[in-house]
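Novice: Dropping the sequence and predicted coords here.
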Amino acid sequence: MGGKGKYDTLFVYGVLYLIFIYTPVLLIVLFSFNNGLYVAFPLKELTTKWYEEMVANPGLTKALGVSLRIGAFVSVVSTILGVLAAKAVTRYYLPGRAAITFTIMLPLVIPTIVFAIGLLIILAKFLGLQPSTWSIVAGHVLLCVPFSMAVLISRLQGFDKNLEEASLDLGENAWQTFWRVTFPLAMPGIVASFLLCFTTSFDEYLMAAFLSGNDTTLPVYIYSQLRFPQKLPGTLALGSCILVVSFAIVTFAEWMRRRGVNPDQGLGI
Amino acid sequence: MKPDDAGCRVMVSVTEGARAPATPGGLWTAFKTALHRYESIRGYLLLSPTLLVMLGLMIIPLLGLVVLSFCTQVYFSIDYTPTLKNYLAIFDLANNPIYLVLLFRSIVMSLTTTFFVVITAYPMAYFLAFRVGRGKLVWLILITVPFWTSYLLRVFAWKIILGYQGVINSGLINLGLIKEPLEFLLYNPTAVVITLTHAWAAFAILPIYVSLEKIDKSLLEAATDLGDTPRERFWRVTFPLSLPGLIAATLLVFIPTVGDYVTPSLVGGTSGIMIGNLIQSLFGKANNAPLGAAVSIVMMLAITLIVCVFLGAIGRRRWKHS
């Protein structure tokens, strides 16, 4: 596979791959500053008017509020559930551990649309309820717990189990040991899980589209705007803001959880 | 838990057997003793909230889906008399082949996507595992960050790139390479495959990377010492050992993309729609939720079948080799 030098074919491939991954996203940001209705070359002069238009839009502010509330709630619930499951799976002798982990991870693989319509059926057809923010929360928790659990498992596997045993031997009970040893050591993982679940929920479209009632989330709002060509630049501006904030949050979360963990083990997702 | 609770007594006597004290007052203590003695009980107790929530959110909707698929939509209400009508309608190839045709097309498009994702991800994972030294953390973060950020926006980006008046067309016209915009870029299956390949890249890189990273470096040295050329060493040692990651990557990309809905509806046009669009319209405009439920169940069964055949084929090959 290529030569041995530092900048060989493989390195060039890696760089090209990163360009392939990032170019589409960067184009959204580039054209959000373009003074023109169409996303087309040549670029016209720079403008921030789409951003000003965006800030003045009341529908958007409302959707943003809904998304922030759902995201905050989902990330707290998913991270708590993730901590419990990760601790149980990594620290206790559990017969059937692989099967349990597999089951909890299933939403990662099964097409989201299946769960979205399943939840919708239960809610609307069998319980006769109207979709609300709570149904979106339920859908997002389903999607976020597997991520949270994976992140926390790799974090808990990343530090020495003996530290907890030492604390127990030195006379602390399980509760004290959790708060004084496990929790501080797992903290980077917990913060990362919280942030990653937040972004996942904040950016999720499909569940929210099926399960939202009167309150739409931001991605559902964006999707509804895509139909109107004259609103495209405003959507680009909004998209850029979301992308920049998500990138910042996720980069921090990834750095937080991977730092100090032996990269050879337990990277998981 | 109340100490005189009959259910508690049964539970304790099951877990504790003959050791459980018979006095009601000692039951709480007996439960605590069992908890103390059996690590697995503590483990399950800790796990139970998560497991219950997840099972509840997965199994109840799936059951609802199954039940509804045997019902009939009558205008705005649902007739709950069990019937196979929806399934018969799906498999009625002579009169209405749309369901199976769309399912087949979705599977072909997903397989194509999976092929391109895995083929392009492998060298990248190899690069990360064997070539990147100190900057590994940075590279890993660069690869994973887009994967966590808005799927909708990443797909939308391709719409503006491939569009009739989009980035590629206007760029090429601007450079004088073409006179008229190319019409074949957007709204077809190829656009869907390109977009999906981009959107699911990280899903494939990470599992392959992890399996390559785990390979014992002394095996590679041994192969070289025993006279393998780098190419032989790759195909005889590295590649076979990375197969678990490759298989995981294949499944992680193939299964969810079959049911994707966002990508085909944004960049697929009429020729690029997939089974997910059909399910969505049956729950929306077409107002036939029972049929939609049946279609999604057939989709899942088809996916399961393909995955089983795939894993079975791999299992048989491995068995032959050993």
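Specialist: It's in.

Novice: Burial check on residue 225, number of neighbours?
Specialist: In the absence of a named chain, this looks at chain A. 17 (other CB atoms under 10 Å in any protein chain shown). From N, CA and C alone the C-beta is placed, and that goes for glycine too.

Novice: hm, I was asking about chain B
Specialist: By other CB under 10 Å, 9 other residues sit near residue B:225.

Novice: What of the one 4 residues further on?
Specialist: For residue B:229, the neighbour count with other CB under 10 Å is 10.

Novice: Can you read off the pLDDT for it?
Specialist: Predicted confidence (pLDDT) for residue B:229: 86.

Novice: you'd agree residue B:259 is up against residue A:109?
Specialist: No. Look at residue B:259 against residue A:109 with CB atoms under 8 Å: they stay out of range, at 10.6 Å.

Novice: Between those two, tell me which one has more neighbours.
Specialist: Legend: neighbour count by other CB under 10 Å for residue B:259 and residue A:109, higher for residue B:259 (23 against 17).

Novice: Going along the chain, name the strands of the stretch 1-150 of chain B.
Specialist: With strands called from DSSP state E, counting those that start in this stretch, the stretch 1-150 of chain B shows them at B:72-74, B:77-79.

Novice: Select, out of those, the one closest to residue A:214.
Specialist: Of all those, it is strand B:77-79 that lies closest to residue A:214, at 23.1 Å by CB to CB.

Novice: middle-most residue in the chain, spatially?
Specialist: No chain in the question, so chain A it is. Per CA atoms, centre = their mean, the C-alpha nearest to the average position across chain A is that of residue A:200, at 2.6 Å.

Novice: think we crossed wires, I meant chain B
Specialist: Most central in chain B (CA atoms, centre = their mean) works out to residue B:256, at 3.8 Å.

Novice: Quickly note the distance from that one to chain A.
Specialist: 5 Å (CB to the nearest CB, to the nearest Å).

Novice: Same question for residue B:127.
Specialist: Distance of residue B:127 to chain A, given as CB to the nearest CB: 4 Å.

Novice: Which secondary structure elements does the helix or strand hosting residue A:113 sit against?
Specialist: Using DSSP states H and E, residue A:113 sits within helix A:112-120. When contacts are defined as 3 or more CB pairs under 8 Å, 6 or more residues apart in numbering or on different chains; DSSP states H and E, helix A:112-120 sits against helix A:133-158, helix A:206-211, helix B:39-69, helix B:275-283, helix B:289-321.

Novice: Might you calculate how far the very next helix or strand once past the first one sits from the centre of the chain?
Specialist: Read that as helix A:133-158. Downstream of helix A:133-158, the first helix or strand assigned by DSSP H and E is helix A:162-169. How far helix A:162-169 lies from its chain's middle: 33 Å, per CA atoms, centre = their mean, to the nearest Å.

Novice: For helix A:162-169, C-alpha coordinates in PDB please.
Specialist: Taking Å, rounded to 0.1, in the frame of the first residue of the first chain, the C-alpha atoms of helix A:162-169 are listed here in PDB:
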ATOM      1  CA  ASN A 162      -8.800  -0.900  40.800                       C
ATOM      2  CA  LEU A 163      -9.400   2.700  41.800                       C
ATOM      3  CA  GLU A 164     -13.000   1.900  42.600                       C
ATOM      4  CA  GLU A 165     -12.000  -1.300  44.400                       C
ATOM      5  CA  ALA A 166      -9.500   0.600  46.500                       C
ATOM      6  CA  SER A 167     -12.100   3.100  47.500                       C
ATOM      7  CA  LEU A 168     -14.400   0.200  48.600                       C
ATOM      8  CA  ASP A 169     -11.600  -1.500  50.500                       C
END
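
Novice: can you pull the buried residues of it?
Specialist: Buried residues in helix A:162-169, defined by neighbour count with 16 or more other CB atoms under 10 Å in any protein chain shown: A:164, A:167.

Novice: What is the neighbour count of residue A:98?
Specialist: Look at residue A:98: counted by other CB under 10 Å, it has 9 neighbours.

Novice: Tell me the predicted confidence for it.
Specialist: 88.

Novice: same check, this time on residue A:200
Specialist: Listed pLDDT for residue A:200 reads 91.

Novice: what's it in contact with, if anything?
Specialist: For residue A:200, the residues meeting the contact criterion (CB atoms under 8 Å, 6 or more residues apart in numbering or on different chains) are A:140, A:143, A:144, A:147, B:148.

Novice: Which strand or helix spans it?
Specialist: Counting by DSSP H and E, residue A:200 is part of helix A:183-203.

Novice: Can I get that helix in PDB? Just the C-alpha atoms.
Specialist: C-alpha atoms of helix A:183-203 as PDB (Å, rounded to 0.1, in the frame of the first residue of the first chain):
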ATOM      1  CA  PHE A 183     -18.200  10.100  38.800                       C
ATOM      2  CA  PRO A 184     -15.100  12.400  38.600                       C
ATOM      3  CA  LEU A 185     -13.200   9.900  36.500                       C
ATOM      4  CA  ALA A 186     -16.100   9.400  34.200                       C
ATOM      5  CA  MET A 187     -16.800  13.100  34.000                       C
ATOM      6  CA  PRO A 188     -15.300  13.800  30.600                       C
ATOM      7  CA  GLY A 189     -17.400  10.900  29.200                       C
ATOM      8  CA  ILE A 190     -20.500  12.300  30.900                       C
ATOM      9  CA  VAL A 191     -20.000  15.800  29.500                       C
ATOM     10  CA  ALA A 192     -19.300  14.300  26.100                       C
ATOM     11  CA  SER A 193     -22.400  12.200  26.200                       C
ATOM     12  CA  PHE A 194     -24.500  15.100  27.300                       C
ATOM     13  CA  LEU A 195     -23.200  17.300  24.400                       C
ATOM     14  CA  LEU A 196     -23.400  14.600  21.800                       C
ATOM     15  CA  CYS A 197     -27.000  13.700  22.800                       C
ATOM     16  CA  PHE A 198     -27.900  17.300  22.700                       C
ATOM     17  CA  THR A 199     -26.600  17.800  19.200                       C
ATOM     18  CA  THR A 200     -28.100  14.500  18.000                       C
ATOM     19  CA  SER A 201     -31.500  15.600  19.300                       C
ATOM     20  CA  PHE A 202     -31.100  19.200  18.200                       C
ATOM     21  CA  ASP A 203     -30.300  18.100  14.600                       C
END
